[in-house]
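Engineer: generate a structure from the sequence data that follows.
(4 chains)
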Amino acid sequence: MSEVIKKEEMLIFVISEMLKGMRHVAVGASSPIPGGAALLARANSSTDFRVSMLGSEEHNTFTNGGTELFDCAAQGRIDAFFLGGGQIDGSANINLVGIGDYPDTKVRFPGSFGSAYLYYLVPRVILFREEHTPRALVPKVDFISAPGTSPDNVNRPGGPYALVTERCVFRFDKKKARFRLESIHPGHSLEEIIEMTGFEFDEPSTIRETKPPSSDTLKLIRGKIADEISETYPAFSSKIFGS
Amino acid sequence: MSEVIKKEEMLIFVISEMLKGMRHVAVGASSPIPGGAALLARANSSTDFRVSMLGSEEHNTFTNGGTELFDCAAQGRIDAFFLGGGQIDGSANINLVGIGDYPDTKVRFPGSFGSAYLYYLVPRVILFREEHTPRALVPKVDFISAPGTSPDNVNRPGGPYALVTERCVFRFDKKKARFRLESIHPGHSLEEIIEMTGFEFDEPSTIRETKPPSSDTLKLIRGKIADEISETYPAFSSKIFGS
Amino acid sequence: MTKHFEKVETLVSNIPDSSKIALAPDYSGCPMEAIRALIKRGATGLHIIGVPSVGFQGDMLIGAGCVETIETAAVTIGEHGLAPRFTSAIKNGTINIIDGTCPAIHAGLQAAQKGIPFMPVRGILGSDLSKHRHDWIEASNPFSENEEPLIFVKAITPDITLIHVPLADSDGNVWVGVRREMMVMAHASKKTLVTYDKLFDGNLLSEESMAPGTIPSLYVDGLALAENGAWPVGLFGNYPPDENHLKIYLDMAKTEEGFKEYINEYVFEPKAAE
Amino acid sequence: MTKHFEKVETLVSNIPDSSKIALAPDYSGCPMEAIRALIKRGATGLHIIGVPSVGFQGDMLIGAGCVETIETAAVTIGEHGLAPRFTSAIKNGTINIIDGTCPAIHAGLQAAQKGIPFMPVRGILGSDLSKHRHDWIEASNPFSENEEPLIFVKAITPDITLIHVPLADSDGNVWVGVRREMMVMAHASKKTLVTYDKLFDGNLLSEESMAPGTIPSLYVDGLALAENGAWPVGLFGNYPPDENHLKIYLDMAKTEEGFKEYINEYVFEPKAAE
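Structural biologist: Here you go, the predicted structure:
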């Protein structure tokens, strides 16, 4: 087995580490890496660990139609979820709608999906955006699909926990409404991250390197997880794992 | 076949006559006579005629649980329904809760069921109360489970159409919020009805006798309808039709 | 994770006294064996919610003194009508009654299911019901140009949903078929405890035909096998009510003494549910 | 009464131009054969609603100029992401977009299903979405002691629900399994038109295992058989998306000319759906 860890494998591992101790993790549409991470966390969990994956028939236990994921989150039965964004800013506001003056956006993204809901209700929302460039991580999003924080009078049990990119992990500080650099993936540097991040963030006094998966974990990702994820994401699975 | 028409057979026929031209008639809990009437109207209909009967497995096409009957009515998909009442007054207010000072009612009825909803939403609600006495048909109900009429600003497409008892048929005049005697069942008299009715009502200039079922219809009631109703109301069916 | 209990008695030991319990009507899934176990253990102070009405099980619990409050659109025993112990308790003022109407109870549970504070409901206006409901607000329809009144019904969040179903599997999924009010109840409640008639061989969610009528184990906290567990009420699609037995009950339960005899014979005696 | 149409073309002739049509996402029931028939007929001015998002069928209708307004939480083609004709139409300002979020679309339909003017929805507050929604009102939770803001989402009543399902029976009942968003759509809509893959031998409501996943004919206005009718999108539990074909589409539909070639070949040619 090649020990050269692919970026996707690294990201699956990094995100799975944030899911330890969860009881129920839900994964939205078009999310192969978060999906892989949830399945990996489940495989490594010694306690009851449930994964609900939109678009999957195997890993989807919902029986009440499209509304159930959202109702389930509102009932407090979902511990972690993933959101992305065409743009993400330093206050953890996310934009899944487009760039430019809405509605005549010059670049149009698919749309907000359930972000303007789940971001408020799921306690641990992990932002995931593979592309780490000033274009993706901006000072201020052009359109707020869902805000990073809300005023005190808004009933909001949920919100952003961390932001994972191809270069690093940021943790979100809700009180300061600001990201703090948590760790840098192997092969990347602080200078690069500062240069490639459009928003300002807090830096820790010492810079930690993101821990890569062990060789056992890598085996698990390339075997069982690759297999499980291919049911929902065949194109992704065949591209990354060649299976 | 005995041509002595039982009271229940007469009432099934009388009510079924009011259901001509309906497309969808729903029948609530504990309603064998309205249920029989709906099934008879369906048997006599040459157009599409649907009966939904609570408590039946055969005549119940609902697949969305207990809320569907009510949602269906709100969608305007139910043309006729039946309500009763421990007390019914001259303004068509109905009381399914109890007699005396609520909540310490000295006589307690089962409760309002869905009356405080369906009475507002189903265009043709037929009130049915077999017992025709001053105790049942009162000047003013002790507790309004659902009112006969509502102010103009209330969105109320539905309401009372008629009141059928063991002695006669009243039609309801929504503008006057008052009943008018429509016909007297064979064997009963106007004097008797005035005496046995606790509320005031309008009288027509000539008194019509309620038309009894033809011998063919009677055969239908005692055969097919008795059989169909026994699925939901075995005790009623065996008592009345001996089947 | 769904716990499998060997005994119905152990299952109901997870229902603290004074719990708010959602129950299904006689034509849906009535956990009679569990109700008998609750009476046997001497449960007290229960707040029972009929979804939207309650029958035999409610009358039994009331007769046995387990109930402090009943919230329901009606109490009625199948085709037989008036529930004797309920009627007597109301007359004697020994229980609190919160009278509702079916769609408002469904709406309250659906509000809890969706995590919203209330649900607007049509109808109801001008009924004496709303005079006694401090959890219903008369408000104006904000989408209407005229001053159109509407009733807002507060969310109903039961502590426990207690139901009986035809089938459950070893993974903790339970099949309710078209009786989906039980699914809403489970979604809306903090805990759901279930007795079932038969163990399904396999996983209900893996069967394409069974999954649509299944409450996933995600919502099921505890399970116990109770063959014929809805007796004498009957179980939709499986067995009819035991009308003769219900008549015996209705006859005996006319008086408090008769009811005591009934529960001595059918609840406290070891051969109770046979 | 449910009408059975011999041809999908006749079924869609019951959809007037400018109708408001509810559509399911790619992982649910997409009536692709009916969509091709709509394009063939040259439907115009449609207001399509993604419940809660829309994929291939939306992009096709937009590309063919059938759509005036799209109301959706997202437009995305399966695993492939961006929908080329939608993206281009937004850029060129040739369609109106009403951006929503999944639970608000579900809530709007559920409000219509219940005949209530609106439904309160959690979340949304502070999103730019609500700035552009005149059918959403920010109001105060009347059950909260503090001034807690809430979004009220107006009921969504589609003129037509247009879906594809695996099974239908001769009585007009249609089976959607666990994809119950299609049941909510049918309940909420004025009319429901359905294409189906296979005729079910018997009555779906009489089968205890099939009934829970069935929309009763009461809600179904018209039906037409369309074998493999969800191709190339795939049909839950039955056949997967034809990924190769979707790639061909995505490649061709990058440009308007390419899209025209695509529909000439796959929609207007007689062997379209083979």
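Engineer: close to chain D: what parts of the stretch 1-150 of chain C are there?
Structural biologist: Taking C-beta under 8 Å from any C-beta of the partner chain as the contact definition, the stretch 1-150 of chain C meets chain D at C:107, C:114-122, C:137, C:139, C:141-144, C:150. Using the backbone N, CA and C atoms, a C-beta is placed for each residue, glycine as well.
Engineer: for PyMOL, write the select line for the buried members of those.
Structural biologist: Here the buried members of the residues of the stretch 1-150 of chain C next to chain D are turned into a PyMOL selection, burial being counted by 16 or more other C-beta atoms under 10 Å in any protein chain shown:
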select buried, chain C and resi 107+114+115+116+117+118+119+120+121+122+137+141+143+150
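Engineer: mark which of the residues of the stretch 1-150 of chain C next to chain D are part of strands, please.
Structural biologist: Among the residues of the stretch 1-150 of chain C next to chain D, the members falling in strands (DSSP state E) are C:118-121, C:137, C:139, C:150.
Engineer: domain assignment for chain C?
Structural biologist: C:3-101+C:156-268, C:118-154 (automatic domain parsing).
Engineer: hey, which of those domains is tucked in deepest?
Structural biologist: Counting by mean count of other C-beta atoms under 10 Å in any protein chain shown, domain C:3-101+C:156-268 has the highest mean neighbour count of these, with a mean of 21.
Engineer: the chain: helices as residue ranges?
Structural biologist: I went with chain A, as the question did not name one. A:7-17, A:32-44, A:68-74, A:115-121, A:190-196, A:215-220, A:226-230, A:234-241 (DSSP state H).
Engineer: other chain: chain C
Structural biologist: C:8-12, C:32-41, C:56-63, C:84-92, C:102-114, C:181-188, C:243-252, C:256-263.
Engineer: how far out from the middle of the chain is the shortest one?
Structural biologist: Just to be clear, that refers to helix C:8-12. Computed by C-alpha atoms, centre = their mean, to the nearest Å, the chain-centroid distance of helix C:8-12 equals 16 Å.
Engineer: contacts for it?
Structural biologist: Residues from elsewhere that reach helix C:8-12 (C-beta atoms under 8 Å, 6 or more residues apart in numbering or on different chains): C:5, C:33-34, C:37-38, C:40-41, C:43, C:162, C:193, C:195, C:222-224, C:226, C:229.
Engineer: is it possible to export the helices of chain C to CSV including distance to A:Ala92?
Structural biologist: Formatted as CSV, these follow (distance: least, C-beta to C-beta, whole Å):
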stretch, distance to A:Ala92
helix C:8-12, 44
helix C:32-41, 47
helix C:56-63, 50
helix C:84-92, 54
helix C:102-114, 25
helix C:181-188, 30
helix C:243-252, 60
helix C:256-263, 60
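Engineer: chain A contacts on chain C?
Structural biologist: By C-beta under 8 Å from any C-beta, the residues of chain C that approach chain A are C:1, C:112-116, C:173, C:183, C:187-188, C:205, C:211-219.
Engineer: so where's the stretch 151-274 of chain C uncertain?
Structural biologist: For the stretch 151-274 of chain C, the stretches flagged by pLDDT under 70 are C:270-274.
Engineer: from B:Val97, how far out is the residue nearest to C:Pro84 when sequence neighbours are not counted?
Structural biologist: Nearest non-adjacent residue to C:Pro84, counting by C-beta to C-beta, 6 or more residues apart in numbering or on different chains: C:Ala253, 4.4 Å away. Distance of C:Ala253 to B:Val97, computed by C-beta to C-beta, to the nearest Å: 21 Å.
Engineer: pick out the residue nearest the middle of chain A.
Structural biologist: Central residue of chain A (C-alpha atoms, centre = their mean): A:Phe128, 3.2 Å from the mean position.
Engineer: enumerate every residue touching it.
Structural biologist: Taking C-beta under 8 Å, 6+ apart as the test, what A:Phe128 contacts is A:11, A:15, A:31, A:33-34, A:82-84, A:163-165.
Engineer: out of those, who's the most crowded?
Structural biologist: Counting neighbours by other C-beta atoms under 10 Å in any protein chain shown, A:Leu163 comes out on top of the contacts of A:Phe128 with 29 neighbours.
Engineer: bridged to it, which residues?
Structural biologist: A:Leu163 forms beta bridges with A:Leu127, A:Phe170, as assigned by DSSP bridges.
Engineer: which ones are touching C:Thr87?
Structural biologist: Contacts of C:Thr87 by C-beta under 8 Å, 6+ apart are B:Arg108.
Engineer: and the helices of chain A: which comes nearest B:Lys175?
Structural biologist: Closest to B:Lys175 of the helices of chain A, according to C-beta to C-beta: helix A:68-74, at 44.3 Å.
Engineer: and that closest one, does that touch chain B?
Structural biologist: No. Helix A:68-74 lies out of reach of chain B by C-beta under 8 Å from any C-beta, never closer than 14.0 Å.
Engineer: mind giving me the packing neighbours of that helix?
Structural biologist: Where contact means 3 or more C-beta pairs under 8 Å, 6 or more residues apart in numbering or on different chains; DSSP states H and E, helix A:68-74 is packed against strand A:24-27, helix A:115-121, helix C:102-114, helix D:102-114.
Engineer: and it, how far out from the chain's middle?
Structural biologist: 19 Å.
Engineer: what mean pLDDT does that helix get?
Structural biologist: Mean per-residue pLDDT for helix A:68-74: 97.
Engineer: ok, residues contacting it?
Structural biologist: By C-beta under 8 Å, 6+ apart, the surrounding residues in contact with helix A:68-74 are A:26, A:52, A:54, A:62, A:64, A:78, A:81, A:114, A:117-118, A:121-122, A:158, C:113-116, C:187, C:218, D:102-103, D:106, D:122.
Engineer: ok, back up a step: the helices and strands packed on helix A:68-74: which one's closest to chain B?
Structural biologist: Nearest of those to chain B, taken as C-beta to the nearest C-beta: helix C:102-114 at 3.9 Å.
Engineer: now do that closest one: distance to the chain's middle.
Structural biologist: Centroid separation for helix C:102-114 versus its chain: 14 Å, with C-alpha atoms, centre = their mean.
Engineer: report the buried residues of that helix.
Structural biologist: Buried positions in helix C:102-114, judged by neighbour count with 16+ other C-beta under 10 Å: C:102-114.
Engineer: do the same with stretch A:110-127
Structural biologist: For stretch A:110-127, the neighbour count (16+ other C-beta under 10 Å) marks A:110-122, A:124-127 as buried.
Engineer: repeat for stretch A:229-243
Structural biologist: Of the residues in stretch A:229-243, A:229-234, A:236-237, A:240-241 count as buried by neighbour count, 16+ other C-beta under 10 Å.
Engineer: now for C:Lys190: which residues touch it?
Structural biologist: With C-beta under 8 Å, 6+ apart, C:Lys190 has these contacts: C:157-160.
Engineer: shaky segments in chain A?
Structural biologist: In chain A, residues with pLDDT under 70: A:1-2, A:243.
Engineer: hmm, what's the outermost residue in it?
Structural biologist: Distance from the C-alpha centroid of chain A peaks at A:Asp104, with 28.0 Å (C-alpha atoms, centre = their mean).
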